[in-house]
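what shape does this take:
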Amino acid sequence: MTPRAADRARYDRATAHLDAPVAIVDLEAFDANADDLVRRAGGKPIRVASKSVRCRALLERVLARDGFAGIMSFTLAESLWLARSGFEDVLLAYPSADRAGFAELAHDPKLAAAVTVMVDDPAQLRLIDDARDGGREEIRVCLELDTSWQVLGGRVRVGARRSPLRSPAQVADMARAVARRPGFRLVGVMAYEGHVAGVGDAVAGRPVRSRAIRLMQAAARKELTVRRAEVVRAVRTVAPDLEFVNGGGTGSVQHTAAEPAVTEIAAGSGLYVPRLFDNYTSFTGRPAALFAQPVVRRPGVGVVTVLGGGYPASGAAGADRLPVPYLPEGLRYDPQEGPGEVQTPLLGAPADDLLIGDKVWFRHAKAGELCERFDVLRLVEGDTVTATEPTYRGEGYTFL
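Residues are numbered from 1 along each chain as shown. Next up is the predicted model:
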């Protein structure tokens, strides 16, 4: 029996009493992935990206481990909810226009001490001040640096379009804008190099493309290492008591951790290891989060149909954004239908061994987005479901 076949047998036994659709997290794989992230971080703390987990119980589990400290959240409402739930260090990774949320933050000393908000434009500071509604609490602020790799005078650009702050002078000017404005305190700098951390460099069947990605990423890392250090030095002339410099992501942990200017690493997807994180030369994780759909039809030889399953991931539309049939091995989509809203035909020899009611296990393309489809995660140890924990959705929250 192959390791994947053994996993399928375990998951089927563990969930035999549960009807599909069902989502699971294999805790042995989850913990092993956490250990690998800590090893690659080389002693620097890892801030957990909550958007890649979206389950409070699993956030608590990983933050109880040595090597992890703090949360990187994705909306202000989520940040406030996590802080009210007892998480004491929450960095909001994206600017917000949630005026009601800023008013709550400015009125509550506990929330204001726990939550750090992201800014990259003086207009965002003005929005926060206008939203205070009389609240006088000091707002903790982090600045974001644009990490994109640019050549030929900026005519060629690789990387996400995030912050407008790129040069040391620009970031220092924004730091001074924060320092001049009463009611704010600059505590951190963040720089997420998504074109390195979130792009696999070993694309199956694409050796030329993979080589090009590796060359791009090596050049981008070299440029960013120098520029990030210069930015941090410039910001510290304005805010010498800067608390943290955050960088990285699952795919670049060891590279970013090696930079002296960086004090902490961000990572989250590496805990679940969705399919988009299979294509890296720098690490190999274990798939920990899966979902199962039930076989409901057998249209013919070599074909079964499962209920639903059309759970595409965010990003530019393409085949890499689709879930992948994982267990049993050897199933594939019908190219004329793909994964559907209410039914998904699957082709391949293993289909002939599947019966009505059997489970087919899938891996999502991304990590936490799976949790937007399920109210609970079944936590599996060995061949037993040992706990059932609500996702954000299961607790009644869909933050974005």
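
how many residues are close by residue 29?
The tally of other residues near residue 29 (other CB atoms under 10 Å) stands at 20. All C-beta atoms are positioned from the backbone trio N, CA, C, and that covers glycine.

let me fix that: residue 344
The tally of other residues near residue 344 (other CB under 10 Å) stands at 25.

cool, and residue 277?
23.

phi, psi for it please.
phi -100, psi 20 (degrees, to the nearest 10).

that one reaches residue 269, doesn't it?
Yes: using CB atoms under 8 Å, residue 277 is in contact with residue 269, at 5.8 Å.

mind listing the helices for the stretch 51-200 of the chain?
In the stretch 51-200 of the chain, the helices defined using DSSP state H, counting those that start in this stretch lie at 56-63, 76-84, 99-107, 109-114, 122-131, 168-180, 194-197.

and for the stretch 201-350 of the chain?
Here the stretch 201-350 of the chain has its helices, by DSSP H, counting those that start in this stretch, at 207-236, 253-257, 269-272.

spit out the residues that contact residue 277 and residue 269 alike.
Listed as contacting both residue 277 and residue 269 by CB atoms under 8 Å, 6 or more residues apart in numbering are residue 250.

quick one on the thing from earlier: just the helices of the stretch 201-350 of the chain: most buried one?
helix 269-272 (a mean of 28; mean count of other CB atoms under 10 Å).

quick one: contacts of that one?
Against helix 269-272 from outside (CB under 8 Å, 6+ apart): 25, 30, 33-34, 36-37, 48-49, 52-53, 58, 62, 198, 249-250, 253, 276-277, 283, 285, 287-289, 366-368, 370.

contact partners of the lowest-mean-pLDDT helix or strand in the chain?
When each helix and strand of the chain is scored by mean pLDDT, DSSP states H and E, helix 194-197 comes last, with a mean of 71. Applying CB under 8 Å, 6+ apart, the contact partners of helix 194-197 are 147-149, 158-160, 216-217, 220-221, 224, 248-253, 255-256.

at 10 Å instead, please
147-149, 157-160, 162, 213, 216-218, 220-221, 224, 247-253, 255-256, 265-267, 269-270, 280, 282 (CB atoms under 10 Å, 6 or more residues apart in numbering).

and residue 395, how far from residue 49?
Distance of residue 395 to residue 49, given as CB to CB, to the nearest Å: 19 Å.

between those two, which one's more packed in?
residue 49 (24 against 15).
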